[in-house]
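1. Turn this into a structure:
(4 chains)
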2 protein chains.
Amino acid sequence: MRRVLNATFCLIQALDRHHRLASEAEAELEMLSGPTEDYLSGDYMNAPGTPLRRLLVVAGWAAEQHTLPDGRKQLLRLALAGEVCGVVGPPSESRTQAVALTDVTVADLSKIAAMVRERHADPTLLAAWRTMEALRQASDLRHLVRLGSLSALERTGNLLLELYERSAFAGLTRGAAMRLPLTQVQLAEHLGLSTVHANRVIQQLRREGLIEAQSRQVVFRQLAALALSSCYELGTYPAAPPFQSPSQVRA
Amino acid sequence: MRRVLNATFCLIQALDRHHRLASEAEAELEMLSGPTEDYLSGDYMNAPGTPLRRLLVVAGWAAEQHTLPDGRKQLLRLALAGEVCGVVGPPSESRTQAVALTDVTVADLSKIAAMVRERHADPTLLAAWRTMEALRQASDLRHLVRLGSLSALERTGNLLLELYERSAFAGLTRGAAMRLPLTQVQLAEHLGLSTVHANRVIQQLRREGLIEAQSRQVVFRQLAALALSSCYELGTYPAAPPFQSPSQVRA
DNA sequence: CGGGTCGTTGAGGTCAGTCAAACAGAGTGG
DNA sequence: CCACTCTGTTTGACTGACCTCAACGACCCG
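-> Sure, this is the predicted structure:
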């Protein structure tokens, strides 16, 4: 019971950050939000063969993963707390799965997504939902640029900065510090690098004094310098969250 | 006047392929579709600083292009006739522009997009629109996999095959032949390769007897073999168009 | 203690980028 | 008609970024 409340609350929080919700919208969300599900790091979160559901990440990190016939894996989109995981087009190829990158708690948004699609939702909810999707799309495009045009070093710094801004938006940073519970293997799979090379790149960022990285946490030492050398435009992401109530307490 | 009709007709055709339109939907489209615009190869199609409009490509090829501070360019999404160009998230960074890859005729879909967003549209139109957007998203993800996980050779073959299926869907192929009016420079910018290497890769595909490429046209000699060696899953794209009236006459 | 994952390091190979130059075709102007 | 330019393709030689293979250390947990 506690969990259901948490999911609803987290969802309202997340959407409200994108667009101020009317109380009617909050009521709708409370009615429709289902129970949460827990997964362990590495678990697949969709039944094999079924199309991906839309899952709100309540706590932890998740991603969509594409597996090639020969076993190569590509992490397509990372989703941190407050973001949505598991939206793909209709081909819904069986090679694409939603996977838990850490131990994770998620909530199924299928019903809400359907409601939004059918337009039976509060206008403020629609607006928030749309903004959220637009941001996700922008994030996709940024990653296309990363993979297509940037060197390994730029790519890595660039991604870290985006994750930092997204974390900040979700109220998950403290100063220049950000939790980053991903393994280097996972980072490499997202960045299109070998794990060995990803490791070396991270070390170089450290050596150059741009970041400190240790025990699932990254501290940015020179944000502006890193942004410059990584071709990242700071401030692109909607800035600081409007205001954060003492909410985001860890479950 | 002739042109306006063409744009409307092309739009109806394109949407109808995704989801059978009711006649009410067609009426709505006829009311809202604006005049077409012509651009020359290389032109930017949005006024600088303004957010990208949604443009239906009536004839020719277009793309969204991201330019890095140091001048590197990345073609994000290709749009061929019947597809939409110019959708990006709200950051709408000034570095992203809609560009004509060939001489091109487009129609502004802003009004229709707004109508769809506000839900004042026929249900079949909404469904068609949604399917179209989903396909575009799926295409984005495929390209992420290409750039992140595939070698230059696989990447190129894979892209060609996707373009082939998309062309076929739009009724623009004849047998195993497809028009491909892109320069190798443009292909390279989309594939994240140098033009020199893109050229060598294309030659290798030719040498291996997988394709014939010449004068803006590609002929696939061994579709299945190419798909296998390029990690492309044939048939992922909605198959042949329902039926093509003698419509797609070149303007 | 053994076995697991994760991070780290070294040596060597290869894929793909850079630089440079030459060639082909289309359009232009004399 | 022939230079002439411009864009696009092609080729060669060289360089370097990144990958592969392999092994090792740190840490956690049973």
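
2. switch to C-alpha atoms for all contacts and neighbour counts from now on
-> Noted.

3. For the nearest residue to A:Ser110 once chain neighbours are set aside, report the pLDDT, please.
-> Nearest residue to A:Ser110, sequence neighbours excluded (Cα to Cα, 6 or more residues apart in numbering or on different chains): A:Arg54, at 5.8 Å. The confidence metric pLDDT takes the value 93 at A:Arg54.

4. could you check the distance from A:Arg54 over to DNA strand D?
-> 30 Å (Cα to the nearest atom of the strand, to the nearest Å).

5. Contacts only, for that residue.
-> Counting by Cα atoms under 8 Å, 6 or more residues apart in numbering or on different chains, A:Arg54 makes contact with A:84-87, A:108-110, A:113.

6. Would you mind checking these for buried ones?
-> Neighbour-count burial (16 or more other Cα atoms under 10 Å in any protein chain shown) is assigned, among these, to A:84-87, A:108-110, A:113.

7. Where is pLDDT lowest across those?
-> A:Val87 (82).

8. wait, what's in contact with that one?
-> Contacts of A:Val87 (Cα under 8 Å, 6+ apart): A:52-54.

9. Show me where chain A dips below the pLDDT cut-off.
-> Low-confidence segments of chain A (pLDDT under 70): A:1-5, A:89-93, A:239-251.

10. Mind naming the longest helix for it?
-> helix A:123-149 (DSSP state H).

11. wait, does stretch A:136-152 contact DNA strand D?
-> Yes. Applying Cα under 7 Å from any atom of the strand, one finds stretch A:136-152 touching DNA strand D at A:150-152.

12. which of the residues you listed are buried?
-> Buried among those (16+ other Cα under 10 Å): A:150, A:152.

13. I'd like the residues of stretch A:136-152 next to DNA strand D written out as JSON lines, with distance to A:Gly171 added.
-> Formatted as JSON lines, those follow (distance: Cα to Cα, whole Å):
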{"residue": "A:Leu150", "distance to A:Gly171": "28"}
{"residue": "A:Ser151", "distance to A:Gly171": "30"}
{"residue": "A:Ala152", "distance to A:Gly171": "28"}
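
14. Any chance of a markdown table for the buried ones among the contacts of A:Arg54, columns secondary structure?
-> Below are the buried ones among the contacts of A:Arg54 laid out as a markdown table (DSSP: H, G, I helix; E, B strand; the rest coil):
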| residue | secondary structure |
| --- | --- |
| A:Val84 | strand |
| A:Cys85 | strand |
| A:Gly86 | coil |
| A:Val87 | coil |
| A:Asp108 | strand |
| A:Leu109 | coil |
| A:Ser110 | helix |
| A:Ala113 | helix |
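
15. ok, of these, which one's closest to chain B?
-> A:Val87 (9.1 Å; Cα to the nearest Cα).

16. Look up phi and psi at that closest one.
-> Here is the backbone geometry of A:Val87 (degrees, to the nearest 10): phi -110, psi 120.

17. ok, now A:Ser230?
-> Torsion angles, degrees, to the nearest 10, at A:Ser230: phi -110, psi 10.

18. show me the contacts for it.
-> A:153-158.

19. circling back to that earlier point, adding distance to DNA strand C as columns, could you present the contacts of A:Arg54 in CSV?
-> Formatted as CSV, the contacts of A:Arg54 follow (distance: Cα to the nearest atom of the strand, whole Å):
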residue, distance to DNA strand C
A:Val84, 23
A:Cys85, 20
A:Gly86, 22
A:Val87, 25
A:Asp108, 26
A:Leu109, 28
A:Ser110, 30
A:Ala113, 32
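
20. Any residues of the stretch 151-251 of chain A in contact with chain B? List them.
-> A:190-193, A:231, A:236-237 (Cα under 8 Å from any Cα of the partner chain).

21. Restrict these to those that also contact DNA strand D, please.
-> Okay, of those touching DNA strand D (Cα under 7 Å from any atom of the strand), that's A:192-193.

22. Out of the residues of the stretch 151-251 of chain A next to chain B, which end up buried?
-> Among those, the ones that count as buried by 16+ other Cα under 10 Å are A:190-193, A:231, A:237.

23. Which members of those are the farthest-apart pair?
-> A:Leu193 and A:Tyr237 (25.2 Å; Cα to Cα).

24. is any part of stretch A:6-26 close to chain B?
-> No. Applying Cα under 8 Å from any Cα, one finds stretch A:6-26 separated from chain B by no less than 11.4 Å.

25. Show me the helices in the stretch 101-250 of chain A, by range?
-> A:110-117, A:123-149, A:152-169, A:184-191, A:195-207, A:223-229 (DSSP state H, counting those that start in this stretch).

26. Please report how far the closest residue in space to A:Thr36 that isn't next to it in sequence lies from A:Thr183.
-> Counting by Cα to Cα, 6+ apart, A:Thr36 lies nearest to A:Ala107, which is 4.5 Å off, once chain neighbours are set aside. Distance, A:Ala107 to A:Thr183, using Cα to Cα, to the nearest Å: 24 Å.

27. Likewise for A:Arg146?
-> Counting by Cα to Cα - A:Arg146 and A:Thr183 are separated by 19 Å.

28. Who has more neighbours out of the two?
-> A:Arg146 (27 against 14; other Cα atoms under 10 Å in any protein chain shown).
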